[in-house]
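**Student:** generate a structure from the sequence data that follows.
(4 chains, ligands or ions: 6)
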Amino acid sequence: MEKNIKVPTKQLTRMDFTSDQTVKWCPGCGDYSVLAQVQRVMPDLGIPKENFVIVSGIGCSSRFPYYMNTYGFHGIHGRASAIATGMKLSNPDLSIWIVTGDGDSLSIGGNHFIHLLRRNIDVNMLLFNNRIYGLTKGQYSPTSPLGKVTKSTPMGSLDHPFNPPALALGAHASFVARTIDKEPKHMQEMIRRSHQHHGTSFLEIYQNCLIFNDGEFASYTDKEVKHDNVLVLEHGQPMIFGKNRDKGIHLAGNRPRVVNIGSEGQWTVNDLLVHDEKDWIIASILSHFTYREDLPTPVGVFYAVQQTVYEDLLLDQCQQAVELKGAGDLHELMNSGDTWIVK
Amino acid sequence: MEKNIKVPTKQLTRMDFTSDQTVKWCPGCGDYSVLAQVQRVMPDLGIPKENFVIVSGIGCSSRFPYYMNTYGFHGIHGRASAIATGMKLSNPDLSIWIVTGDGDSLSIGGNHFIHLLRRNIDVNMLLFNNRIYGLTKGQYSPTSPLGKVTKSTPMGSLDHPFNPPALALGAHASFVARTIDKEPKHMQEMIRRSHQHHGTSFLEIYQNCLIFNDGEFASYTDKEVKHDNVLVLEHGQPMIFGKNRDKGIHLAGNRPRVVNIGSEGQWTVNDLLVHDEKDWIIASILSHFTYREDLPTPVGVFYAVQQTVYEDLLLDQCQQAVELKGAGDLHELMNSGDTWIVK
Amino acid sequence: MAKKLKHIDDVTIRFAGDSGDGMQLTGDRFTSATAIIGNDLSTLPDFPAEIRAPAGSLSGVSAFQLHFSSHEIFSPGDNPDVLIAMNPAALKVHFDELARGGTIIINTASFTPKNLKLAKYDTNPLEDDTLKDFVVYPIDMSRLVKYVCEDMNISPKMVERTKNMFALGVLYWMFNRPMDTTIKWLKEKFAKKPEIVEANTRALNAGFNYGSTARIFTTNYKVNAAKLRPGTYRNISGNYATSLGLLAAAVKSGLPLFYGSYPITPATDILHYLAEFRNFRVKTFQAEDEIAGVTSAIGAAFAGSLAATGTSGPGLALKGEALGLAVITELPLVIVNVQRGGPSTGLPTKTEQADLFQAIYGRNGEAPIPVISARSPGDCFYAAFEAAQVALKYMTPVILLTDGYVGNGSEPWIIPNIDELPEIKPNFFKPGDGREYLPYGRDEESLSREWAVPGTPGLEHRIGGLEKEDGSGAVSNDPDNHHKMVTLRAQKIANVVNDVTPCRVIGEQSGEVLMLSWGSTRGAARAALQKLLKEGKSVSHLNLRWINPLPADLGEILGRFKKILIPEINLGQLAQIIRARYLIEPYQLNLVRGRPFLTSDIINAVDKLIG
Amino acid sequence: MAKKLKHIDDVTIRFAGDSGDGMQLTGDRFTSATAIIGNDLSTLPDFPAEIRAPAGSLSGVSAFQLHFSSHEIFSPGDNPDVLIAMNPAALKVHFDELARGGTIIINTASFTPKNLKLAKYDTNPLEDDTLKDFVVYPIDMSRLVKYVCEDMNISPKMVERTKNMFALGVLYWMFNRPMDTTIKWLKEKFAKKPEIVEANTRALNAGFNYGSTARIFTTNYKVNAAKLRPGTYRNISGNYATSLGLLAAAVKSGLPLFYGSYPITPATDILHYLAEFRNFRVKTFQAEDEIAGVTSAIGAAFAGSLAATGTSGPGLALKGEALGLAVITELPLVIVNVQRGGPSTGLPTKTEQADLFQAIYGRNGEAPIPVISARSPGDCFYAAFEAAQVALKYMTPVILLTDGYVGNGSEPWIIPNIDELPEIKPNFFKPGDGREYLPYGRDEESLSREWAVPGTPGLEHRIGGLEKEDGSGAVSNDPDNHHKMVTLRAQKIANVVNDVTPCRVIGEQSGEVLMLSWGSTRGAARAALQKLLKEGKSVSHLNLRWINPLPADLGEILGRFKKILIPEINLGQLAQIIRARYLIEPYQLNLVRGRPFLTSDIINAVDKLIG
Ligand SMILES: Cc1ncc(C[n+]2csc(CCOP(=O)(O)OP(=O)(O)O)c2C)c(N)n1
Ligand SMILES: Cc1ncc(C[n+]2csc(CCOP(=O)(O)OP(=O)(O)O)c2C)c(N)n1
Ligand code: SF4
Ligand code: SF4
Ligand SMILES: [Mg+2]
Ligand SMILES: [Mg+2]
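**Tutor:** Ligands and ions are numbered 1, 2, ... in the order given. Model (predicted):
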């Protein structure tokens, strides 16, 4: 069964994607940047505006659809992935974007999250990870680090956080990436890559909640230190980072560590791990950098492989069934099996 | 806050753990073996009978508690982990055993499953994986291989299966192991190891459903072939398998492959990957053997590390709070803050 | 010895045996053969919650009851005239309900000491006087099938398994049923295993021949065709009829059908059936849980499908929050709830009517949803179709209540003519004449809002679970707007009354007693009515289809009767609704036993009222 | 110029400003100071669903209303006498409800063209005749605070933030409130930031001094202490009272308290408060969702805790299935539902009473649960305590309904004497005299089953969601047993009526009109009663606490009045229950606007009835 490929009839602009609703996030919230980048990238994706749907759950981030002048659905808490699944299966022509928070998709929505990934339905997920529940005013979330003091954990949280890329990989994800609210260019690139990937694209976005969790990602965004703390992944390239691009990731056995590749050191670029988006093991290793003091935080595409896509197979089955049994004929179906006539 | 360590007052026997209810699984069901091994191991764990609780969800496997003469709770579908969490936090002295199925804990219960693991609550989970929904008479489950033909998928299932150990590792599990219904000795060992681990122990048990999915694991249980298809993991030992113990796992870069270590071959035991239960990367690599034709299926302990345990920290907080504020005094608490007297 | 052929009108038989004995299948085959003869019929499968409880145990007994007749019937019958008991446990469990003087056909081979003990028989009932008031046919079926398959190269286990076909053959002889459909069915079902076809066919024939030659059988029976409405018939189960009803609504509305569901007894078969309709481009989605089942359907509805989800009680409980979302987004959605015994996991394989409250009230806030019920297996088709009609016309979720009895039970059904089913026009926004699309603009009469589907240029809009401004649909916190919207939503659902067919009272239109039933209790109530009217009692019967909203003329009708009797398989949920609505005091008959009412239960209750 | 001091009885003031202006905090402080003076008081916080909607926008306005008096009062007041408007949007939103002739205190600094435009003012209301019927005090607060903090080394933003303290100071002068508690509070709250304490204290004092010296103010007011019941008082919010009530029940029953919950407005504070009680060994568990919240609590109950879970409407919907499990396992459990506007996500920060149906009916099967409601913030303590008492005595889940208004609102509260609270004896199985433990053995009178907790030797047993045999608790499919169990469970909950205090009618015990309210609507109804009685009308009032079961004497009482008026913030849920139970036709007053009734709403309705 063929999909309908439609293209826009005119060049779209950012304004085409801006709705008439006042944006109601706190001034300075990281969500604004994501909105801006999405509105910047979408016009250029070659998709008619009416084919975009933004689907969200509940949370600050989940107000997103109201601000986009596309079709939009503001769901209930945690269920955006399941709603999007029904939409995509119902109409595979749509370009569906799930907008969700760390609470929405990893706490109450954790189950739909992992099932969406394993089904590999061709939708895009933007997970706004601010490591806090914003909308309910500041409780710790499943991505808050152990010991986090919040209103609901006055003596500190007791549970190990999820590591979203690791969880996604464990759930059989075919595309895993990360970006940061304060890096608009990189974010745009990641949004574009998400779109290009056929299958579920999972993009984690580090997003600062300046009201309830300000500075959570400061070490990855402060000009002074960010280059020493962030590892920008590039496919086929050795893993180099640092202000002077003098550090890199070396794999000793299975253990990743940071080495200096300064001019006089013992290490050179050749000792570094080369990123391979198609390598599940490398992606797994990278996913474990999160929350570790001794390793930089990777951003970029961790993993991207082609796997069968649920709705492609579904359409195939429909097609095959038609070939096998003929296009459904209700009269025939109802009159099949043992029948008899009473006069 | 100290836990109460009680020990049994007499030597317990298998009979002590056998309830008066008739076991109602299909004759020949793999569940019988698990019941037998649990009843064999429990008497020797040094725990008084009254401290055991078996908690389950819904499914064939989840009928388990009725057959154990311990405290037992037959919950609702998918919620055993959450129920067990409440029990353990309420009374950390209990030895709690979750019994669940692949549908129960990976389909409807997937969210509680991953959260239990990340919290690392000290309970034990026995996941009966028969890759099918038994009790509802044979629909495909989240562990059924792609293309599985069942009543609900007459043309084959469309989604990639979960790989339970991979998902568990992605969810920050501290103990991941696997065994097989037809290997009683190994299963007993794994049950014992689960018990010994402090933190959540996740034990996957391949279990044959002979009514709706007979033979799913035949290649791991048939005498003829099993040695060539199963890799028994042992900590600190090279990964050798095969009827004649002439095959092993070699890691080429990040890619695991099977090599022959026969007398005249190019490979020797020294080329083989040595299992390390404490190495997350090795565990991850192993977890990806599942569903692959070219690699054997590992059984044994994939991963076992010590991490902070939720209820330990909770008890600590209670203790600290008492030290800080004094043991709670309700009168004082109620009369705190701004008060005034009306006469 | 020449055998007698006796004409009779009406028979109820019950097949009972171990879970592994194939009783459901045997019942199904007998039903098919009976349907083709043209008898009216009604069936009641009854199986244990366990897949295969311990062989020979009381809890492992599986049964199938079938009532057939040369006149119109409404229920699967109270006390069977004939019991086929494949083992001692089956005899033990079902013996009490057998009509005194009835017939028992027994497979004696299974009356071993072990099985007797498992069935808690101290002495062998075949040898003491337990069965003295019955006509008993003890047959060593296991030996006989072994004998007829002797020369075949198949395992003894396989041979033993054919004994249900032997029993079926005996019954076919006894009630003069044709065997060809069964043989044809065997051939199709086991197309790849000819030896199984052969063995089973032999066993079937052997049973038939045994009946016709063995000395113990002296009489067989003829039950003439019933005078049914003319038409082409098939036998249909409720769950299959529901599936066809949804499909028909999709075809008639020109919408693709989406069905998101998580397996749960006794609703799972709907998923199984719909999954076979891929050539209709039906998209079934086995979700990870009930919440994903309903929310995926909501997503599909937003995207323009005829969306449906199906479940049973515990699953409906899980869908409550999402149904509120469907209410406030005003999207069309059909929720099928095949009720089973509760509360909680309760009695998963048994029937009940106790989810009515949950269907009407089980959500946060003011979240009204129309509720329709199906009265019989075949009626599930029409109820599902009607549910979809209302959903699409009013842009609302609609709950269809069936139950385990109606869902698994079956009856002969006139196949409707597709062309005569009404077209369904979804309430799509029609652009043109410069009309602006208002997501929450409303049709003045129905109050339905218009549907605009992603992919349509120019109609981009956003909806969700927050309260919205009347008309524009923009998020609104305005107090008066909220009151208005709450009221509008309630009024819209109240308006569905305009599509609810007026009540049909069977019997006198006024009088002493009106039996007011809903859903599947209609069967027992109508059967009771038949008998009571024959006895000259002043009784009438009304079965409710829509419970929310209630039909406009119901109040007036209730007023015409001195006493209203409401039989329900719950503690009085409809009764409570009727009390609240009409401020009358109905009499209640509540038996919550996991099974449909017996006709006699209702007759007794009416008799008591009439005094 | 000498200022006048006037004695008045009763004032309602409303603080309104931008979300960032600290209005909730200002209101809280004024409340504290007012409570300490000994006025009776009642508060109504009202904030937007957004954390911080765009500055200056209409949707970003946050307000706090406070009614205080020298006599007993019941509601936060209808139309404020004094409005503090920190910006144009605040004025715009709240102006309409201000009592004609009332006082408006305005921060003129925010009346910039930009803000005026955001507030949709075409002209500046300070300059046209918009405010002509009011007493207006325009103050450039921003400038004044800048002035008093001039010599401090803090950021202008910080200085600007103190303007709410300036406003508070003015109000303190105006109503003669003491400032010391506020200063003490500032010191504690900002212990680590002395410059913030200093700036805010200066602003507060400046406001006070401004009032006493500025020429525009001519009069200030004294509201004497109310004659309240003697005792030690504190001001308490409903959610805090609920937390204390649960804790008190745990202490009085000797059980550890377990609270499993997922954050949701407006219930989250209960989790926050209980999390502070670790030194009572209270175990709070922030679960991954509402289902884990309730099921973890069920696990804790099985393990011997006093278990509770708290949520709001959408969360209660998710808990429905698990509540059925609590019903059939007959475990003690308290479910707190702080109601908010629905359906679906609805109006998350607004109050409503529309979850009554859901609480009573929202589960599959026959699954009765007692439902109790709290009538005021302080009453939440007793309602929570009583819910726990019933849960433990009858071994049942109990639902406590409060709402956003009662949960966030506050009132002065006599601190109960712990020793006078009743002891609670959990229904533990007591071994000895050879009694065998029957998990489903029952107390003859209450029908409660006995509790046996893991860790107790010899009482090992298994329970779960399947229907169970009476007495033994073994899984049972027996039809008659099922009917018996369904009936027993219903009867047990009906028996709770024996612990339900008889109704208390305020006013005449019979007569023309009885206002029948439930939960928090009691406040407006009692306030209306006060006024109506003063006017000599024949009206009485009864507020229901338990709604399931209804008090035994309710039917008889309803019979004593000609007309029954049921005011509810829903479309008539209690009314429906009353109709069904007593077959009477009550009058309904239903306003679903996301806020408590105004006293005048109810007075008008009564006036209409009396004619
Ligand atoms: C069923 C349900 N439970 C709880 C809530 C309350 N709630 C709303 S948003 C939220 C968490 C938000 O956190 P996150 O997803 O991280 O979004 P953020 O606000 O941080 O962007 C919660 C608990 C709800 N709306 N519905
Ligand atoms: C809420 C709810 N949804 C669905 C069901 C139906 N149901 C019972 S068991 C089951 C799946 C069982 O599969 P699994 O967990 O793999 O257990 P198995 O029977 O294979 O041991 C389902 C879908 C239910 N009981 N409750
Ligand atoms: S609370 Fe945090 S996440 Fe929410 S809008 Fe404000 S800054 Fe953003
Ligand atoms: S259906 Fe399968 S899993 Fe269930 S009891 Fe039978 S063999 Fe075991
Ligand atoms: Mg967040
Ligand atoms: Mg299974």
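
**Student:** which stretches in the stretch 351-500 of chain C count as helices?
**Tutor:** Here the stretch 351-500 of chain C has its helices, by DSSP state H, counting those that start in this stretch, at C:356-361, C:379-394, C:404-408, C:479-495.

**Student:** so of the ones you listed, which one's packed in deepest?
**Tutor:** Highest mean neighbour count of these: helix C:404-408, a mean of 31 (counted as mean count of other Cβ atoms under 10 Å in any protein chain shown). In short, each C-beta sits where N, CA and C put it, glycine included.

**Student:** distance between it and the chain's centre?
**Tutor:** Here helix C:404-408 is found 3 Å from its chain centre; the criterion is Cα atoms, centre = their mean, to the nearest Å.

**Student:** now swap in stretch C:442-458 and tell me
**Tutor:** Taking Cα atoms, centre = their mean, one finds stretch C:442-458 lying 34 Å from the centre of the chain it belongs to.

**Student:** that one: end-to-end distance?
**Tutor:** End-to-end distance for stretch C:442-458, by Cα to Cα, to the nearest Å: 19 Å.

**Student:** ok, now stretch C:473-485?
**Tutor:** This stretch, stretch C:473-485, spans 10 Å end to end (Cα to Cα).

**Student:** out of the helices of the stretch 351-500 of chain C, nearest to A:E216?
**Tutor:** Proximity to A:E216 (Cβ to Cβ) singles out helix C:479-495 among the helices of the stretch 351-500 of chain C, at 36.0 Å.

**Student:** how about the closest one against chain D, any contact?
**Tutor:** Yes. Against chain D, helix C:479-495 shows contacts by Cβ under 8 Å from any Cβ of the partner chain at C:479-480, C:482-483, C:486-487, C:489-490.

**Student:** just send these back as TSV, with distance to ligand 6 and pLDDT too.
**Tutor:** What follows is the residues of helix C:479-495 next to chain D, written out as TSV (distance: Cβ to the ion, whole Å; pLDDT from 0 to 100):
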residue	distance to ligand 6	pLDDT
C:P479	51	95
C:D480	53	97
C:H482	46	98
C:H483	49	98
C:V486	44	98
C:T487	48	98
C:R489	41	98
C:A490	44	98
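
**Student:** who wins for proximity to ligand 5 among the helices of the stretch 351-500 of chain C?
**Tutor:** helix C:479-495 (27.5 Å; Cβ to the ion).

**Student:** what's the following helix or strand after the closest one?
**Tutor:** Sequence-wise, the next helix or strand downstream of helix C:479-495 (DSSP states H and E) is strand C:505-507.

**Student:** tell me what that following strand is packed against?
**Tutor:** Taking 3 or more Cβ pairs under 8 Å, 6 or more residues apart in numbering or on different chains; DSSP states H and E as contact, the helices and strands that strand C:505-507 lies on are helix C:522-534, strand C:539-544.

**Student:** which strands and helices sit next to the helix ranked longest in chain A?
**Tutor:** In chain A, assigned by DSSP state H, the helix with the most residues is helix A:310-325. Applying 3+ Cβ pairs under 8 Å, 6+ apart, we find helix A:310-325 packed against helix A:80-90.

**Student:** and of the residues of helix C:479-495 next to chain D, the nearest to chain D?
**Tutor:** Chain D has its nearest neighbour among the residues of helix C:479-495 next to chain D in C:P479, at 3.5 Å by Cβ to the nearest Cβ.

**Student:** excluding chain neighbours, what is closest to the closest one?
**Tutor:** In space, and not counting its chain neighbours, C:P479 is closest to D:R593: 3.5 Å by Cβ to Cβ, 6 or more residues apart in numbering or on different chains.

**Student:** could you list the low-confidence segments of chain C?
**Tutor:** Applying pLDDT under 70 to chain C picks out residues C:1-2.

**Student:** which one's the longest helix in it?
**Tutor:** Using DSSP H to define each element, chain C has its longest helix at helix C:194-213.

**Student:** and that one, which residues are buried?
**Tutor:** By 16 or more other Cβ atoms under 10 Å in any protein chain shown, the buried positions in helix C:194-213 come out as C:196-208, C:210-211.

**Student:** ok, what's across the strand from A:L231?
**Tutor:** Beta-bridge partners of A:L231, counted by DSSP bridges, are A:P298.

**Student:** tell me how far it lies from A:F175.
**Tutor:** Plainly put, A:L231 is 19 Å away from A:F175 if you go by Cβ to Cβ, to the nearest Å.
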